[in-house]
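Novice: pasted the sequence and its predicted model underneath.
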Amino acid sequence: MSESTEPNTTKDLTLRAAQLEVDQWIKTIGVRYFSELTNLAQLMEEVGELSRQISRRFGEQSFKAGETPSDLADEMADVLFVLICLANQTGVDLTAALQCNLEKKTKRDSLRHKQNSKLTGS
């Protein structure tokens, strides 16, 4: 499942624990949170870097001569880190938010995807 070549030597993190750990990191190493607008811009930048890697690995784009692919796991972690920063700044509990979102999608889409001929081939 993991794209990274680094072994997983750290404990598994829940979303809630990740929010606490990122908050502690910001307060001790990062000095303070960037503004929400700056973090939104950072999030877009990180998503762009991830998008570039995916479009070149799995899409029709190719890497430029001399360009080396980045670690997808690291790019995804960059996106997650900034998203967690934004959640912390705005008081969003990502655990609760994801649970609610999955419930919403389950109710809304319980039959939709199963009945989609583009997905089922029928």
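Specialist: Yep, it's here.
Novice: what lies in contact with the one helix or strand Leu20 maps to?
Specialist: Per DSSP states H and E, Leu20 falls inside helix 15-28. Outside helix 15-28, the residues that touch it by CB atoms under 8 Å, 6 or more residues apart in numbering are 13, 32-33, 80-81, 84-85, 87-88, 93-95, 98. (C-beta placed from N, C-alpha, C; glycine too.)
Novice: ditto for stretch 60-68
Specialist: 55-56, 69.
Novice: then it to CSV, C-alphas only?
Specialist: Written as CSV, here are the backbone C-alpha positions of stretch 60-68 (Å, rounded to 0.1, in the frame of the first residue of the first chain):
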residue,chain,number,x,y,z
GLU,A,60,0.2,11.2,-20.7
GLN,A,61,2.8,13.7,-19.4
SER,A,62,6.4,12.7,-19.1
PHE,A,63,9.2,13.9,-16.9
LYS,A,64,11.7,16.4,-18.3
ALA,A,65,15.2,15.2,-19.1
GLY,A,66,17.1,15.0,-15.8
GLU,A,67,14.0,15.4,-13.7
THR,A,68,13.6,12.7,-11.0
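Novice: where do the helices of this protein begin and end?
Specialist: Taking DSSP state H, the helices of the chain run over residues 15-28, 36-58, 72-90, 94-109, 117-120.
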